[in-house]
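Enquirer: Got a predicted structure here, sequence first:
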Amino acid sequence: KIRLQNPTFKDDDAFVFWFVNSWLDDEEKSEKSLTGKSNDKGVDALWIDPTNSSVNIVQGKFRKSWGKKNEKRTDLFELFDIVSIFWNPDLQKSFFKTLDSQIQRKLKIAIDLVTNKKFSIKLYYVTSGKVGKGLKNEVYDKTKVTPGSPEYLIYDHNQLMKTYEDWLEGAAPGIPEVELPIDFGNNSQNQGVLFKRDIRSNIESWIISMSTQDVSDIVENAGIQLFARNIRGFLGEKTKINEAILRTIEEEPENFWYYNNGITMVCNSAEKIDSGRKSVLNVTYPQIINGQQTAKTLTIKSSPKAQVLVKVIKIPREGQTEYFTLVNNIVKSTNWQNKIDYVDLASNDHIQIDLQKSFRSLRYLYRRKNQTKSEARDSAGFRVVDTFDKSHLAKCVIACIEDLSI
């Protein structure tokens, strides 16, 4: 499909373009990030993220035999050679000698932002081949002693398949990692964590208490993508339930834990880490699938005296053939506190996600979820020509194919 829309793309270009677009969700920016040059010295794509103050560099390896070829150590370490030029003028001069002039210009801007504006460096090695666990650990150890301490993300065939599935479900880009601080409470006696493991399915669950302030910070930092698998968006602070949440935080923060139903989160993996008197639940690729109204309302007002119940469910992706069915059923089953219409249940249908992506390319904002208009505009990331929702589109379709009076 990408090759049909971009006839000049080779397979490698289309592969890297898809990956970058799964992160940026912006086809124009994704295409501009590509170098498309033979003498790119490992820089297949480069983009600047001013919002997160980061420089992002991608090296892609498209292997037609999916998951068969083992990647070489020299190829993965090539990205470290690129990082070294940020701090060494002599290496930079040598590196630029035979480098394409367009990539030189991009890199010079990136170097200035990193060295003078304190931007961070993110490296992505993306391959449809395999990267062994030992080699991954060697790469991660190398980042600790590399100037600038770059973040290095490796996507081999296993991780790419998950990314592709998330992209189809409208949940890409995922949030790689979040730490959930466990609040043991100053005025309560508890062990902090209830853990359950289903031996049959290998699904693991934790129930913890968190400070409402910690929840607020996590939501603010992660952004709207933390709720991508939810069937609705934020309904605003003026609903009866959200007004009650704010009132409890204001008047009875110590009773918030008892009054509120809490937050449900699914993730790919979770690990409890103890450090002195502090404990955190480290989760990867989290999604809040119930309690969005609570979580978003807490960004408006939270309290150090208020705790909230958080249920974390780790659902393994490998061997879990019904992963998306299970997640979607949990979403539907746990989201009944605010009234749900049948139109809400269709929000995460693949057709709805494809429609949203197609309209986006035409700069139209298609609101497939019930959410506030301001949240929809904020999540768009582009200047909108017009906006409409599922019901409006359905009426237009019926008017065209059936009867205008309908």
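Expert: Yep, it's here.

Enquirer: all contacts plus neighbour counts: C-alpha atoms, from now on.
Expert: Fine.

Enquirer: How about residue 103, nearest residue that isn't a chain neighbour?
Expert: residue 35 (6.6 Å; Cα to Cα, 6 or more residues apart in numbering).

Enquirer: Run a quick check on the one you found versus residue 47, I expect a contact.
Expert: No. Counting by Cα atoms under 8 Å, residue 35 sits too far from residue 47 to count as a contact (10.3 Å).

Enquirer: Show the backbone phi and psi for residue 345.
Expert: phi -70, psi -20 (degrees, to the nearest 10).

Enquirer: How many neighbouring residues does the nearest residue to it once chain neighbours are set aside have?
Expert: Using Cα to Cα, 6+ apart and skipping the chain neighbours, the partner closest in space to residue 345 is residue 231 (6.4 Å). Here the number of neighbours of residue 231 (other Cα atoms under 10 Å) works out to 24.

Enquirer: Tell me the confidence at residue 231?
Expert: Looking at residue 231, its pLDDT is 77.

Enquirer: so what's the backbone phi/psi at it?
Expert: phi -80, psi -10.

Enquirer: and the next element down the chain from the helix or strand bottoming out on mean pLDDT in the chain?
Expert: When the helices and strands of the chain are compared on mean pLDDT, DSSP states H and E, helix 2-5 comes out lowest with a mean of 72. Next in sequence after helix 2-5, counting helices and strands by DSSP states H and E, comes helix 11-24.

Enquirer: Where do the helices of the stretch 201-350 of the chain begin and end?
Expert: 212-222, 240-251, 256-259, 292-298, 323-334, 342-345, 350-361 (DSSP state H, counting those that start in this stretch).

Enquirer: Show me what counts as buried in the third one.
Expert: This points to helix 256-259. 256, 257 (16 or more other Cα atoms under 10 Å).

Enquirer: Any idea how far the helix or strand that contains residue 74 is from the middle of the chain?
Expert: Per DSSP H and E: residue 74 is located in helix 73-84. Centre-to-centre, helix 73-84 and its host chain are 25 Å apart (Cα atoms, centre = their mean, to the nearest Å).

Enquirer: dump the residue contacts of residue 385.
Expert: 363, 364, 365 (Cα atoms under 8 Å, 6 or more residues apart in numbering).

Enquirer: Next up, phi/psi of the last one, please.
Expert: Backbone geometry at residue 365, expressed as degrees, to the nearest 10, gives phi -90, psi 110.

Enquirer: Tell me the confidence at residue 298?
Expert: For residue 298, the pLDDT comes out at 97.

Enquirer: pretty sure it is touching residue 217, no?
Expert: No. If you go by Cα under 8 Å, residue 298 and residue 217 don't touch, sitting 9.2 Å apart.

Enquirer: Quick one: mean pLDDT over the helix or strand in which residue 142 is found.
Expert: Applying DSSP H and E as the criterion places residue 142 in helix 133-144. Taken as a whole, helix 133-144 has a mean pLDDT of 94.

Enquirer: can you map out the strands along the stretch 101-250 of the chain?
Expert: 120-127, 151-155, 177-181, 193-198, 203-211 (DSSP state E, counting those that start in this stretch).

Enquirer: Setting the sequence-adjacent residues aside, check what's closest to the most centrally placed residue in the chain.
Expert: Closest to where the C-alpha atoms of the chain average out (Cα atoms, centre = their mean) is residue 174, at 2.3 Å. Counting by Cα to Cα, 6+ apart, residue 174 lies nearest to residue 285, which is 5.6 Å off, once chain neighbours are set aside.

Enquirer: Likewise for residue 152?
Expert: residue 123 (4.7 Å).

Enquirer: Relative to residue 168, how far out is that neighbour?
Expert: According to Cα to Cα, to the nearest Å, residue 123 and residue 168 sit 24 Å apart.

Enquirer: next one: residue 137
Expert: 30 Å.

Enquirer: Please say which of these two ends up with more neighbours.
Expert: Using other Cα under 10 Å, the more surrounded residue of residue 137 and residue 168 is residue 168, with 17 against 10.

Enquirer: what about residue 91, which helix or strand?
Expert: Counting by DSSP H and E, residue 91 is part of helix 89-96.

Enquirer: Name the surrounding residues that touch that helix.
Expert: By Cα under 8 Å, 6+ apart, the surrounding residues in contact with helix 89-96 are 84, 85, 86, 104.

Enquirer: quick one: low-confidence ranges for the stretch 51-200 of the chain?
Expert: Within the stretch 51-200 of the chain, the stretches with pLDDT under 70 are 185-192.

Enquirer: what sits against residue 225?
Expert: With contact set as Cα under 8 Å, 6+ apart, residue 225 has these partners: 171, 172, 173, 174, 175.

Enquirer: what do you get for residue 59?
Expert: Taking Cα under 8 Å, 6+ apart as the test, what residue 59 contacts is 42, 43, 44, 45, 79, 124, 125, 126.

Enquirer: between the residues you listed, which is nearest residue 28?
Expert: Taking Cα to Cα as the measure, residue 28 sits nearest to residue 45 out of those, at 13.3 Å.

Enquirer: That closest one: what's it in contact with?
Expert: 16, 20, 33, 34, 35, 57, 58, 59.

Enquirer: Please apply the same query to residue 23.
Expert: 172, 173.

Enquirer: re the thing from before, I'd like to know which elements the helix holding residue 74 is packed against.
Expert: helix 133-144 (3 or more Cα pairs under 8 Å, 6 or more residues apart in numbering; DSSP states H and E).
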